[in-house]
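Q: Can you look at this prediction? I've put the sequence above it.
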Amino acid sequence: MKGKRILLGITGGIAAYKIAFLIRLLKKEEAEVRCIMTPASCDFISPLTISTLSENPVYIDFWNQTNGEWTNHVDLGMWPDIFLIAPLTANSLAKLAHGYCDNLLTATYLSAKCEVIVAPAMDLDMYAHPTTFLNLEILQSHGVKIIPAEEGELASGLVGKGRLAEPETIVDVLKTHFQKKNDFIGKKVLITAGPTYEHIDPVRFIGNHSSGKMGFDIARCLLDQGAEIILVSGPTKETLHHPKLNLIKVISADEMLESVQQNWSNCTIGIFCAAVADYKPVMMSEQKIKKSDESFMIELVKNPDILEWAGQHKANNQFLVGFALETQNARQYAMNKKVKKNLDAIILNTLEDEGAGFGLTTNKIEIITPNNLFLSFPMKNKTEVASDIVSFIFENLD
Ligand code: C5P
């Protein structure tokens, strides 16, 4: 991390005492460290300690009380390669999630141009509270990386999840972040995600339980590594904002196909995770269909296969990955799909494994490689699965 500029934000929790060790480790790695402290954090660790260890003045207020000098939070936000906030208390987390800027740290967060990593720390009940969970989700959807709190003894005497990640763990996350950052620079990736909704009438549709999480996690991971992303997503609760992301929201398979057709030739990698409805109603009723007879028939017609279209229009320099969700003869069906759709690789998840697939936060995959080998992975959460898929793609690009 030699020469990397790390802006370290410290908020007011007991875990702030550990930041002295964290700064020592960062300095050992030859990183440049500047610190912003919230006023409350000064009760837990002295600015003098932080300033001495970081070898820089510490920023606390918008202006210096002694000489009246203004601290420019916009300049501070422009300076770092990474803005790390550790520990992040429940209070400061809520402020960041909702755009409050009542101190120098929160104002700098809103101005920061670099990527932000946060390491929350709080008592176990606060960490487990749905509000905290939602606030962390908001930060994540804004592209902030979270270093989860760890299990263990807490200052309250309770034992559970809420401890600040160990300084060594935080340094490892930063190191990996800087190492991986450049792998996909200059690469444009087209991703499809989520379900499609096929309208029956103005209020009803045919859809499925896909959450879109897998595709969004892959997008997040690639953005982290410098890729430019076009993410074509069906209806989902997932959100993501990033300067290098073009998020195209669609509803139906036909709309998804249209966006893919407009963008595929400009991309070098395609990752098609969307759970596209196989069939759509032959026609959509203009008016809400009234309840009348005992039974009711909807005539369906096959949807276009978007991935197959991309496979048919794949140039030599393009790498195309599809997904397969199978309930029986999984490997054989997935292999057939790989050939039929002209894919370089296919990610297989079988519904036979509890915890794998639709609408869940975990997944268990097998990758069929360009040489038709099977790579098996254990059950992991989707963020880690996304990282495995992205590493696999990087290793298999020409
Ligand atoms: O044929 P099957 O639907 O099982 O194939 C799954 C793969 O094909 C997934 O990668 C999915 O995103 C893609 N697909 C598609 N368009 C469809 C159906 C599936 O892009 N109409």
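A: Great, that's in hand.
Q: Please make it C-alpha for all contacts and neighbour counts, starting now.
A: Noted.
Q: Need the per-residue pLDDT for the most far-flung residue of the chain relative to its centre.
A: What lies farthest from the middle of the chain is Asp293; by Cα atoms, centre = their mean that is 47.5 Å. pLDDT recorded at Asp293 is 85.
Q: What distance do you get for it to Leu84?
A: Distance, Asp293 to Leu84, using Cα to Cα, to the nearest Å: 63 Å.
Q: In terms of residue numbering, what are the domains of this structure?
A: 5-179, 188-281+295-396 (automatic domain parsing).
Q: Now do the strands in the stretch 151-300 of the chain.
A: 159-163, 188-193, 198-201, 204-206, 228-233, 245-249, 269-272, 279-281, 300-302 (DSSP state E, counting those that start in this stretch).
Q: Can the fifth one be said to contact the ligand?
A: No. If you take Cα under 6 Å from any ligand atom as the test, strand 228-233 misses the ligand, and the best it gets is 10.8 Å.
Q: which secondary structure elements does the lowest-mean-pLDDT helix or strand in the chain contact?
A: The weakest-scoring helix or strand in the chain, judged by mean pLDDT, DSSP states H and E, is strand 362-363 (a mean of 79). Judged by 3 or more Cα pairs under 8 Å, 6 or more residues apart in numbering; DSSP states H and E, strand 362-363 is in contact with strand 380-381, helix 382-396.
Q: and those, which one is worst for confidence?
A: Minimum mean pLDDT among these: strand 380-381, a mean of 84.
Q: Can you name every helix or strand that it contacts?
A: Using 3+ Cα pairs under 8 Å, 6+ apart, strand 380-381 is in contact with strand 362-363.
Q: and the residue positioned nearest the centre of the chain, what does it touch?
A: By Cα atoms, centre = their mean, the mean C-alpha position of the chain lies nearest to Arg220, the distance being 3.7 Å. Counting by Cα atoms under 8 Å, 6 or more residues apart in numbering, Arg220 touches 143, 240.
Q: Now do the same for it: its pLDDT.
A: pLDDT, read off for Arg220, is 92.
Q: which regions of the chain sit below the pLDDT cut-off?
A: Counting by pLDDT under 70, the chain contains low-confidence residues at 181, 351-360.
Q: who in it is up against the ligand?
A: Counting by Cα under 6 Å from any ligand atom, the chain sits next to the ligand at 272-276, 278, 303-307, 322-324.
Q: Could I get the contacting residues of Leu375?
A: Leu375 touches 366-369, counting by Cα under 8 Å, 6+ apart.
Q: Tell me the strands beside the host helix or strand of it, with direction?
A: Using DSSP states H and E, Leu375 maps to strand 374-376. Note on strand 374-376: by DSSP bridges, its sheet partners are strand 366-368 (antiparallel).
Q: What separation is there between the closest residue to Ile14 other than its chain neighbours and Leu158?
A: Nearest residue to Ile14, sequence neighbours excluded (Cα to Cα, 6 or more residues apart in numbering): Phe44, at 6.0 Å. Between Phe44 and Leu158 the distance, using Cα to Cα, works out to 20 Å.
Q: So between those two, which is more surrounded?
A: Relative neighbour count places Phe44 above the other of Phe44 and Leu158, with 15 against 12, counting by other Cα atoms under 10 Å.
Q: Quick check, the more buried one in contact with Lys18.
A: No. Applying Cα atoms under 8 Å, one finds Phe44 not in contact with Lys18, separated by 10.1 Å.
Q: related to what we said a few turns ago, among the residues of the chain next to the ligand, which ones are buried?
A: Among the residues of the chain next to the ligand, those buried by neighbour count (16 or more other Cα atoms under 10 Å) are 272-276, 303-304, 306-307, 322-324.
Q: Keep only those of the residues you listed that are in helices.
A: 306-307 (DSSP state H).
Q: Tabulate the buried ones among the residues of the chain next to the ligand (TSV), appending distance to Ala149.
A: Putting those into TSV (distance: Cα to Cα, whole Å) gives the following:
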residue	distance to Ala149
Phe272	32
Cys273	30
Ala274	32
Ala275	33
Val276	36
Asn303	44
Pro304	45
Ile306	40
Leu307	39
Gly322	34
Phe323	32
Ala324	34
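Q: just curious, which of the buried ones among the residues of the chain next to the ligand is nearest to Asp172?
A: Cys273 (30.0 Å; Cα to Cα).
Q: picking up where we left off before, contact partners for the residue nearest to Ile14?
A: 12-14, 16-17.
Q: so how many other residues sit close to the residue in the stretch 101-250 of the chain that the ligand sits nearest to?
A: For the stretch 101-250 of the chain and the ligand, the shortest gap (Cα to the nearest ligand atom) falls at Thr192, measuring 6.6 Å. A count of neighbours around Thr192, defined by other Cα under 10 Å, yields 29.
Q: pretty sure it is in contact with Trp264, am I right?
A: No. With contact defined as Cα under 8 Å, Thr192 does not reach Trp264; the gap is 11.0 Å.
Q: show me where the stretch 1-150 of the chain has helices.
A: Secondary structure of the stretch 1-150 of the chain (DSSP state H, counting those that start in this stretch): helices at 19-28, 47-54, 73-78, 90-98, 104-111, 124-128, 130-141.
Q: CSV for the ones you listed, including mean neighbour count?
A: Shown next, in CSV, are the helices of the stretch 1-150 of the chain (neighbours: other Cα atoms under 10 Å):
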stretch, mean neighbour count
helix 19-28, 18
helix 47-54, 17
helix 73-78, 18
helix 90-98, 18
helix 104-111, 21
helix 124-128, 17
helix 130-141, 17
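Q: From His199, how far off is the residue of the stretch 101-250 of the chain closest to the ligand?
A: Taking Cα to Cα, one finds Thr192 at 20 Å from His199.
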